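Undergrad: Okay, here's the prediction I keep looking at, along with the sequence it came from:
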Amino acid sequence: MTVAEQYLMGAGSDELDRMLFQGRMFRPEAERLLRRCGPGPDTRAIDVGCGPLGIMDLLSEHVGPGGEVVGIDVQPGMLDLARRLVAERGLTNVRLVEGDAAESGEAPGGFDFVHTRLVLMNVPHSAAVLAAMVALARPGGTVAVQDVDWISRVCDPPHPAWNRLVDAITELWRLNGMDVLLGRRLPRLLREAGLTDIGVDAGIRVFQHDHPYQTLLVDRAELCRDALVERGLIGHDELDGTIGELRAHLADPGTIVVHPTLFQAWGRVPEVNEVTGVSDVSGVSDLPDAADPSDVTEGA
């Protein structure tokens, strides 16, 4: 099975549309991340697992006409749409590459900023992807990761159908070597990968019945239907009944959905001291700079 096939939600038109909507929805979080640790003018950045757009448009603005942004994705369908969007938006400093996130083909140490969003939780070789990302960053460069943690994935009022789907999909991810609770571990993973000056932030969104992401859990269950049934986690008839019950519950104006927590973590690749040949290992800061007013987001 290829890495593209292991992405359980596929690359159909509905999934492409969802990813573009997701990018727009999480744009404020991405802008906030780049204000903290993003690349400067005339630098090189790469968006690993960029999908149909990722944050390539934001990176394009940051590096400017003298810089370069590379977007890499393993799904040809994602890249077809990405090429169209890049052309339509006139992002002349963006280059697209088809390939696995762990094997980009780009030269090691060639980027000032290396980023991925919502990739590590959705691939079985997350450790290899993160190692490859660190290798792509130059000494002194930054690696930034955004991913979710299902610690906060609840609805209220509670419903047994919600719990049934959360449990089934959580187990499906586990059986495929993935972890829906990955987000909280991002700072530790970056530290273990040898990065320094670690920073971390997290935010949660809440949806009501008229928001498209109110039904994201049941939409995901539909996309993963075949895998759920093949793994013996739920039968087609039970899945149909569970989805029907939950859709009715989520359509009630009194029902709210708490989205998985979006974690952001970033760190710096140590520079090598030219005299001693020893990596510069400086301190670690797990908290954002409270003195920066741009770090405060209303309603977070």
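TA: On my side now, so go ahead.
Undergrad: To what extent is Ala45 buried, counted in neighbours?
TA: When neighbours are defined as other CB atoms under 10 Å, Ala45 has 30 of them. For the C-beta atoms, the positions are set from N, CA and C on the backbone; glycine is no exception.
Undergrad: show me what contacts Leu118?
TA: 22, 49, 146-148 (CB atoms under 8 Å, 6 or more residues apart in numbering).
Undergrad: Which of these sits closest to Leu33?
TA: Of all the contacts of Leu118, Leu33 sits closest to Gln146, with 6.8 Å by CB to CB.
Undergrad: Spit out the contact partners of the closest one.
TA: By CB under 8 Å, 6+ apart, the residues touching Gln146 are 26, 29-30, 33, 115-118, 262-264.
Undergrad: avg pLDDT for stretch 47-63?
TA: Mean pLDDT, stretch 47-63: 97.
Undergrad: How far does that stretch sit from its chain's centre?
TA: Stretch 47-63 sits 12 Å away from the centroid of its parent chain (CA atoms, centre = their mean, to the nearest Å).
Undergrad: Compute the first-to-last residue distance for it.
TA: Distance between the boundary residues of stretch 47-63 (CA to CA, to the nearest Å) amounts to 13 Å.
Undergrad: mind listing what's buried in that stretch?
TA: Of all the residues in stretch 47-63, those buried under the rule 16 or more other CB atoms under 10 Å are 47-63.
Undergrad: cool, and stretch 202-213?
TA: By 16+ other CB under 10 Å, the buried positions in stretch 202-213 come out as 202-203, 205, 207, 213.
Undergrad: Identify, from those residues, the entry nearest to Ala251.
TA: Phe207 (12.4 Å).
Undergrad: Test my guess that that closest one contacts Val257.
TA: Yes - Phe207 is within contact range of Val257, at 4.6 Å (criterion: CB atoms under 8 Å).
Undergrad: what would the contacts of Gln146 look like in a markdown table with pLDDT?
TA: Output for those, formatted as a markdown table (pLDDT from 0 to 100):
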| residue | pLDDT |
| --- | --- |
| Phe26 | 96 |
| Glu29 | 97 |
| Ala30 | 98 |
| Leu33 | 98 |
| His115 | 98 |
| Thr116 | 98 |
| Arg117 | 97 |
| Leu118 | 96 |
| Leu262 | 98 |
| Phe263 | 98 |
| Gln264 | 98 |
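Undergrad: Which one of the contacts of Leu118 is nearest to Val86?
TA: Of all the contacts of Leu118, Gly49 has the smallest distance to Val86: 15.9 Å, by CB to CB.
Undergrad: In helices only, show me the buried residues of stretch 47-63.
TA: 56-63 (DSSP state H).
Undergrad: Most widely separated two among those residues?
TA: Using CB to CB, those reach their maximum pairwise distance at Asp57 and Val63, which is 11.5 Å.
Undergrad: tell me which element Ala144 falls in.
TA: Using DSSP states H and E, Ala144 maps to strand 137-149.
Undergrad: Point to the residue nearest the middle of the protein.
TA: Leu118 (1.7 Å; CA atoms, centre = their mean).
Undergrad: ok, back up a step: pick out whichever of the contacts of Gln146 sits closest to Val74.
TA: Taking CB to CB as the measure, Val74 lies nearest Thr116 of the contacts of Gln146, at 12.5 Å.
Undergrad: Please name the bridge partners of the closest one.
TA: For Thr116, the beta-bridge partners are Val48, Val145 (DSSP bridges).
Undergrad: Next up, the contacts around it.
TA: 47-49, 101, 129, 133, 144-146.
Undergrad: 7 Å - rerun?
TA: Counting by CB atoms under 7 Å, 6 or more residues apart in numbering, Thr116 touches 48-49, 101, 133, 145.
Undergrad: From Gly49, how far off is it?
TA: Relative to Gly49, Thr116 is positioned 5 Å away (CB to CB, to the nearest Å).
Undergrad: and for the two, which residues touch both?
TA: Shared contacts of Thr116 and Gly49 (CB under 7 Å, 6+ apart): Ala101.
Undergrad: Now the element after the helix or strand harbouring Met19, going C-ward?
TA: Per DSSP H and E, Met19 falls inside helix 13-25. Moving toward the C-terminus from helix 13-25, the next helix or strand (DSSP H and E) is helix 27-37.
Undergrad: helices or strands up against that following helix?
TA: Applying 3 or more CB pairs under 7 Å, 6 or more residues apart in numbering; DSSP states H and E, we find helix 27-37 packed against helix 56-63, strand 137-149, strand 196-203, strand 261-268.
Undergrad: Just put the ones you listed in a markdown table and tack on distance to Glu245.
TA: Listed next are the helices and strands packed on helix 27-37 as a markdown table, based on distance: least, CB to CB, whole Å:
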| stretch | distance to Glu245 |
| --- | --- |
| helix 56-63 | 39 |
| strand 137-149 | 25 |
| strand 196-203 | 30 |
| strand 261-268 | 26 |
